[in-house]
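In: Kindly generate the corresponding structure for this input.
(chains A, B and C)
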Amino acid sequence: MTDWAIAATPPRWRRWLLAETPQSRLQARLSRAYLSWVAFARNPLGMLGLVIVTVLVFLALFAPWVAPHNPLAGDLGYRLLPPGGEHWLGTDQQGRDIWSRIIYGSRTTLLIIFMVAITAAPVGIIIGASAGYVGGKTEAILMRLTDAFLAFPKLVLALAFAAALGPGVENAVLAIALTSWPPYARIARAETLMVRSTDYVAAARLTGASDLRILFGHIMPMCMPSLIVRVSLDMAGIILIAAGLGFLGLGVAPPQPEWGAMVSEGRQQILEQWWVCTYPGVAIFIVSLGFNLIGDGLRDVLDPREG
Amino acid sequence: MTEPMIEIENLSISFGHGADRVDAVKTVSFSVAPGESYGLVGESGSGKSTILRALAGLNPFWSGHMAIAGQKLTGKRPRALRRLVQMVFQDPFGSLHPKHTVDRILSEPLAIHGFEDVETRVRAALERVGLGPSFRFRYPHQLSGGQRQRVAIARALILEPKVVLLDEPTSALDVSIQAEVLNLLTDLRQQLGLTYVLVSHDLGVVAHMCARLSIMRTGDVVETATADDLSEGRLLHAYSRQLLIASRGYDTAAIAAFGDF
Amino acid sequence: MDKGPILEVDKLNIRFNTPVGEVHAVRDVSFSMGREKLAIVGESGSGKSQTGRAILGLTPGKVTADKLAFHGHSLLNLTPPQWREIRGKRIAMVMQDPKYSLNPVMTIGDQLLEAARGIKQGAEARQHALGMLASVRIRDPERVYRAWPHELSGGMGQRAMIAMMLMAEPELLIADEPTSALDVTVRLQVLAILDDLVKTRHMGLIFISHDLNLVRTFCDRVLVMYAGQVLERLTASELEQAKHPYTRGLLVCPPEIDHRRQRLPVLQRDPSWMEPVS
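Out: Numbers count the residues shown, from 1 in each chain, chains lettered A, B, ... in the order given. Reported below is the predicted structural model:
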């Protein structure tokens, strides 16, 4: 029906991706991904967020080649230099280049977000979807468990872990992940409750599909959009918690650079040599903003609230 | 006298407990011969869809006696029984998983039951419902309502069932598409020797597709008739007659005579 | 009471921007109507709903027309205050499913009063509302006035919706598939109410539907739409003599109780139907 109505003729690869009759599974999947991309790309703020995060990933991956100076060792003769000249963002109390430390610090940030996302999200979705699908006592137990974990404040739990197990990235990730999964479980359960009474799930049951197959093949894919949006939006919060832990001296051990720790180290000099703690703070702000913008943009594409 | 394909005796289904209890189906009995097409007609709340879902095994909470092809049905459904009975749902937009391609929708039942020649069967299934191979890798949102319903019919037939339950299969379709789908269903029944139970609120559709039918209202069977009775206006119960008149179209005099049931 | 046309539409076009290009949903649709029951019939994708919504400025697409006038006043490019004077007050709309068109967190009475805001106040408004509920043949207006939407059945809800839309006594009512979600007997009762109201209030009614057989018994004139265009226009009584193959196809393909056939005739879509109508 749309053939007669389309005015423009797109280039060949676009036509392949937009084809009404895909010839293979691959083409069908790519076509869907492309259309989602086009929808996302129409949002300028979402694209801005994507640019920010891409820059972050680029810096983290190519840190050794991009960073102009050694982030770990500094020349004490060049302590607390203001921004400009060789040191774009100045130097800290130990003469280390702040810009290089920010670049290397992005690795820690990225590592923490990534580790939290791949541990908390799957745990949350499995618990939530199972609870929503099975119902009854199982649901009650799982949801109360979720509530219990939700009650823990992230930072306080992280402190407790650090006190018990010692500081370090792994413990920080563990603490954050343990308190991050409950909202995902809640979302997954809500989506599951809506999906389990649909006709396509009934049809799957009719063909003899096992509960496990229905849960993983039919229900979880429907939870993904809201979950992806929520995880993206949570990234900003996770960055802040990680920075908070770093600020308190937990997390990465010095002299490894970590943005939160850098802010903490610069506290003494905040009035005169403001750049020592301000620039790491700006980095935290920009990256949090980037993830927030992506999350918002993704929400408009994946989880639109239509009027 | 051949054994009936479907036998239902004193079927009762209710939901909820105590004050909230709703008796959706109240001791309904009927039987369907092999190869026959049986209709259940009624307005919303009549219980017709509830019966179908219980027959399909989607609702285990019923009492009474149900048997398909001589096998007594219980609350549990063994996988083998799934190959005997399949269902086509009403809403073509809701009965196909939005994130699965047509290929996946059709090959999954085959995978579940351990069929080997998945490729050939999927292609054959698509052809049988009049959809070419170009539809194989489309997603449901890329199909029209009629095409989705054809895929739903293909899915219902891919396990080679003997009984197909049809829950308002064309209510959500345009009238020209409805004609195509009803013709397809008629052809398939003849080609494959299927037994149908068709639920609809549309007397015209039921009269066209079924030889015998039951008219239902709030859980009870009000009247059982043949399609010929319908076309010749030989209905006994006042409610059935009112339904028949209402199906004919707007007529001020007739409407004035409508009673509340 | 003027006998001239109350609505004039000349070359109405509605276009939508989609990721795959521009979709021309309504193409050069022209018609005029007086105080009569006009049906716009078409299948999904024909553009009938968009046409109805464009009259009230409610379509998200781009609307262009040589003329779109209500009582001679143009409905194109109105400002929000100008629309507020027209919507609900002079042109009203009833939609398909009262489950979705009634506000679930307001009682029926409150919604009726809101519909009459600015026109009637206080006790007078309440009396008027109860009168409207009675005119849509609701037997216990007081009870329905106090009820919440979820407490009403489909038929009741639709009648309440109609009452609401008529509170401001509009001159034109656009009904978009108002009975499609209702049971067959209730459907006819609601149609009888609409018929009555249109007659007694000298209103115009645009009845948008996919059911040609229903509208032929209910409306005065019929416009048949396909792929965004009007293919044929006739009076309801001359539908049997319809000339366009699409209209004839729509008439014969539904199953008929009195006249059963082995196979239903299938509509052969001719690509030439999509070409611009002269």
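
In: Could you list the low-pLDDT ranges of the chain?
Out: Using chain A. Within chain A, the segments meeting pLDDT under 70 span A:1-10, A:303-307.

In: ah, no, chain C please
Out: For chain C, the stretches with pLDDT under 70 are C:1-3, C:278.

In: What parts of it come near chain A?
Out: Within reach of chain A by Cβ under 8 Å from any Cβ of the partner chain, chain C has these residues: C:Thr18, C:Pro19, C:Val20, C:Gly21, C:Glu22, C:Val23, C:His24, C:Ala25, C:Gly45, C:Ala227, C:Met274. Backbone N, C-alpha and C define where each C-beta goes, glycine included.

In: so which of these also contact chain B?
Out: Among these, not one lies near chain B by Cβ under 8 Å from any Cβ.

In: contacting residues for the residue in the stretch 51-200 of chain A that chain B sits nearest to?
Out: Minimum separation of the stretch 51-200 of chain A from chain B (Cβ to the nearest Cβ) falls at A:Asp199, amounting to 4.0 Å. The neighbourhood of A:Asp199, defined by Cβ atoms under 8 Å, 6 or more residues apart in numbering or on different chains, consists of B:Phe89, B:Gln90, B:Asp91, B:Gly94, B:Ser95.

In: repeat that with 6 Å
Out: By Cβ atoms under 6 Å, 6 or more residues apart in numbering or on different chains, A:Asp199 lies in contact with B:Phe89, B:Gly94, B:Ser95.

In: What of A:Ala162?
Out: Applying Cβ under 6 Å, 6+ apart, we find A:Ala162 in contact with A:Asn171, A:Leu250.

In: what about it, which helix or strand?
Out: Taking DSSP states H and E as the definition, A:Ala162 sits inside helix A:154-165.

In: who does the residue lying closest to B:Glu7 once chain neighbours are set aside bridge with?
Out: Spatial nearest neighbour of B:Glu7, excluding adjacent residues (Cβ to Cβ, 6 or more residues apart in numbering or on different chains): B:Ala67 at 4.4 Å. Note on B:Ala67: beta-bridge partners B:Glu7, B:Lys72, judged by DSSP bridges.

In: Quick check: B:Ala67 touching B:Ile8?
Out: No. With contact defined as Cβ atoms under 6 Å, B:Ala67 does not reach B:Ile8; the gap is 8.1 Å.

In: Mind checking which of the two has more residues around it?
Out: B:Ile8 (23 against 16; other Cβ atoms under 10 Å in any protein chain shown).

In: Would you agree that one is in contact with B:Met66?
Out: Yes. Using Cβ under 6 Å, B:Ile8 is in contact with B:Met66, at 5.3 Å.

In: And the strands in the stretch 51-200 of chain B, which stretches?
Out: B:63-68, B:71-72, B:85-88, B:163-167, B:195-200 (DSSP state E, counting those that start in this stretch).

In: ok, which pair from the residues of chain C next to chain A is furthest apart?
Out: Maximum pairwise distance in the residues of chain C next to chain A, criterion Cβ to Cβ, is 22.1 Å, between C:Pro19 and C:Met274.

In: Among the two, which residue is more densely surrounded?
Out: The neighbour comparison of C:Pro19 against C:Met274 (other Cβ under 10 Å) goes to C:Met274, with 17 against 11.

In: Okay, the spatially closest residue to A:Gly266 that is not a sequence neighbour and A:Ile98: tell me how far apart.
Out: Nearest residue to A:Gly266, sequence neighbours excluded (Cβ to Cβ, 6+ apart): A:Cys277, at 2.8 Å. According to Cβ to Cβ, to the nearest Å, A:Cys277 stands 10 Å off from A:Ile98.

In: ok, now C:Ala236?
Out: Distance of C:Ala236 to A:Ile98, computed by Cβ to Cβ: 82 Å.

In: between these two, who's got more neighbours?
Out: Higher neighbour count among C:Ala236 and A:Ile98: A:Ile98, with 29 against 17, using other Cβ under 10 Å.

In: For A:Ile294, give me its contacts.
Out: Contacts of A:Ile294 by Cβ under 6 Å, 6+ apart are A:Gly49, A:Leu50, A:Ser232.

In: make it 10 Å
Out: Applying Cβ atoms under 10 Å, 6 or more residues apart in numbering or on different chains, we find A:Ile294 in contact with A:40, A:43, A:45-53, A:228-229, A:232-233, A:235-236.

In: Can I have the buried ones of these as a PyMOL selection?
Out: Buried residues among the contacts of A:Ile294 (16 or more other Cβ atoms under 10 Å in any protein chain shown), as a PyMOL selection:
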select buried, chain A and resi 40+43+46+49+50+52+53+228+229+232+233+235+236
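
In: Could you look up the SS state of B:Leu235?
Out: Here B:Leu235 is recorded as coil under DSSP: H, G, I helix; E, B strand; the rest coil.

In: B:Thr74 contacts B:Gly64, doesn't it?
Out: No. Under the criterion of Cβ atoms under 10 Å, B:Thr74 is not in contact with B:Gly64, lying 11.7 Å apart.

In: Between the two, which is the more surrounded one?
Out: B:Gly64 (16 against 11).

In: these two touch, right, that one and B:Thr27?
Out: Yes. Taking contacts as Cβ under 10 Å, B:Gly64 lies within contact range of B:Thr27: 7.1 Å.

In: Number of residues surrounding residue 212?
Out: Answering for chain A, as no chain was given. A:Leu212: 10 neighbours (other Cβ under 10 Å).

In: I was after chain C.
Out: With other Cβ under 10 Å as criterion, C:Leu212 counts 23.

In: Quick check: the gap between it and C:Tyr226.
Out: For C:Leu212, the distance to C:Tyr226 (Cβ to Cβ) stands at 12 Å.

In: re earlier: buried subset of the residues of chain C next to chain A?
Out: Buried, going by 16+ other Cβ under 10 Å: C:Val20, C:Gly21, C:Val23, C:His24, C:Ala25, C:Gly45, C:Ala227, C:Met274, out of those.

In: would you turn the residues you listed into TSV with secondary structure?
Out: Converted to TSV, those look like this (three-state DSSP):
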residue	secondary structure
C:Val20	coil
C:Gly21	strand
C:Val23	strand
C:His24	strand
C:Ala25	strand
C:Gly45	coil
C:Ala227	coil
C:Met274	helix
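
In: what helix or strand is A:Phe291 on?
Out: Here A:Phe291 is assigned to helix A:275-302, by DSSP H and E.

In: Give me the buried positions along that helix.
Out: Buried residues in helix A:275-302, counted by 16+ other Cβ under 10 Å: A:275-280, A:283-284, A:287-288, A:290-302.

In: Over to stretch A:150-166?
Out: Under 16+ other Cβ under 10 Å, the buried positions of stretch A:150-166 are A:Lys154, A:Leu155, A:Leu157, A:Ala158, A:Leu159, A:Phe161, A:Ala162.

In: Go through the lengthiest helix in chain B and flag the buried ones.
Out: In chain B, taking DSSP state H as the definition, the longest helix is helix B:175-192. For helix B:175-192, burial by neighbour count (16+ other Cβ under 10 Å) applies to B:175-186, B:188-189.

In: out of those, which touch chain C?
Out: B:Val175, B:Ser176, B:Ile177, B:Gln178, B:Ala179, B:Glu180, B:Val181, B:Leu182, B:Asn183, B:Thr186 (Cβ under 10 Å from any Cβ of the partner chain).

In: one step back: overlap of the contact sets of B:Ile8 and B:Met66?
Out: Taking Cβ under 10 Å, 6+ apart as the contact rule, B:Ile8 and B:Met66 both touch B:Ile51, B:Ala54, B:Leu55, B:Leu73.

In: what ranges do the helices span in chain A?
Out: Taking DSSP H as the test, the helices found in chain A are A:12-17, A:25-41, A:44-61, A:63-66, A:98-134, A:136-150, A:154-165, A:169-195, A:199-206, A:211-213, A:220-247, A:259-265, A:275-302.
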